[in-house]
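Asker: Sequence first, predicted coordinates after that:
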Amino acid sequence: MTKFRGAYTALVTPMKDSGEVDYEGFRKLIAFQIAEGIDGIVPLGTTGENPTLDEGEEDILIEIAVDEARGKVPVVVGTGSNDTKHMVMYTERAKRMGADGALVVTPYYNKPNDDGLLKHFEAAAKVGIPIIVYNIASRTGRNIPAPLMEKISRIPGIAGVKESSGDLNQMGDIIKEVAAPRKAEGGYFTVLSGDDSFNLPLLALGGDGIVSVISNLLPGKVKALTAAGLEGKFDEARRIHYELLSFMKAAFVETNPIPIKQALSWAGLPGGPTRLPLGKLAPASEAVLRKAMVDLGVLSS
């Protein structure tokens, strides 16, 4: 099974002012990521505004991502849905189009019980592409605690979890009670942070890396932080963490990906507007984001 480790970017989907997808901008953004040394890319996730993309747009975005990244970095495509049948269809498409893995979010709105969740991820794994579980209760209304994650981890084809619970205790439990036993048995279960501010703490607990939002703008910095942590160089990792901390906070001053797309646009990189129901940054939030970028040296005052 593919081992997903290091710094991965949860890619934005660049848009034109007209609201159309900026496919050439998407290609340029991926090329920028690879040139800066990122370890992998994750299109069509939350940061990519996948709920507002139609299937034709998604097909083109996957094709571009695979074409640009082939032989360079892994591509993990967001294929989640709150309908298992549709999730399987999206996961099959990702496999067919050459993705290296699929990111499958906990079904949202439905609030499935434990039995339903197990069967949902079993259906995903049967497609035959490595599956990373995306645990983000703040968006789905349903957390996956460590005991249930342990059961999910035993499904053949489940490669790991993107942990966005915001609960460091739970992250530690998953590393200790799920990832470590799989490793001891000769298997593999990756634990990736889904929050930039938890990258360093998760690495210190023995995690495997990050699916980052701020690496859309700062792939080299996020890669350096993650690599230092994975190598046990925590003085260096801590230095970079504090260097980036204000921007980490500013990137979530409003709902992701509104701030990061604005930051990319200000920096001259492909970003553009978000699609409704996500609106524009409030003036006060713009000020917070701009100050963080000026302080970091990526935007002139």
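Answerer: Perfect, thanks for sending it.
Asker: Which residues belonging to the lowest-mean-pLDDT helix or strand in the chain are considered buried?
Answerer: Least confident helix or strand, the chain: helix 137-140 with a mean of 92, by mean pLDDT, DSSP states H and E. Neighbour-count burial for helix 137-140, counted by 16 or more other Cβ atoms under 10 Å, picks out 137, 140. C-beta: built from backbone N, CA, C; applies to glycine.
Asker: looking just at contacts, which helices and strands does the following helix or strand past it meet?
Answerer: Using DSSP states H and E, the next helix or strand after helix 137-140 towards the C-terminus is helix 146-153. Secondary-structure packing of helix 146-153 (3 or more Cβ pairs under 8 Å, 6 or more residues apart in numbering; DSSP states H and E): helix 114-125, strand 131-135, helix 168-174.
Asker: Quick one: closest of those to Pro270.
Answerer: Counting by Cβ to Cβ, Pro270 lies closest to strand 131-135 out of those; the figure is 24.0 Å.
Asker: can I assume Gly271 sits in a helix?
Answerer: No: checked against DSSP: H, G, I helix; E, B strand; the rest coil, Gly271 lies outside a helix; its state is coil.
Asker: Torsion angles phi and psi at it?
Answerer: phi -150, psi -80 (degrees, to the nearest 10).
Asker: Check whether it really touches Leu281, as I assumed.
Answerer: No: with contacts counted by Cβ atoms under 8 Å, Gly271 stays clear of Leu281, the gap being 11.9 Å.
Asker: which one of these two has more residues nearby?
Answerer: Between Gly271 and Leu281, counting by other Cβ atoms under 10 Å, Gly271 is the more crowded of the two (24 against 20).
Asker: Show the contacting residues for that one.
Answerer: 12, 14-15, 25, 216, 260-265 (Cβ atoms under 8 Å, 6 or more residues apart in numbering).
Asker: The same query, at a cut-off of 10 Å, please.
Answerer: Shown in contact with Gly271 (Cβ atoms under 10 Å, 6 or more residues apart in numbering): 12-15, 22, 25, 29, 216-217, 257, 260-265.
Asker: Please apply the same query to Pro145.
Answerer: 114, 135, 137, 165, 167, 170, 173-174.
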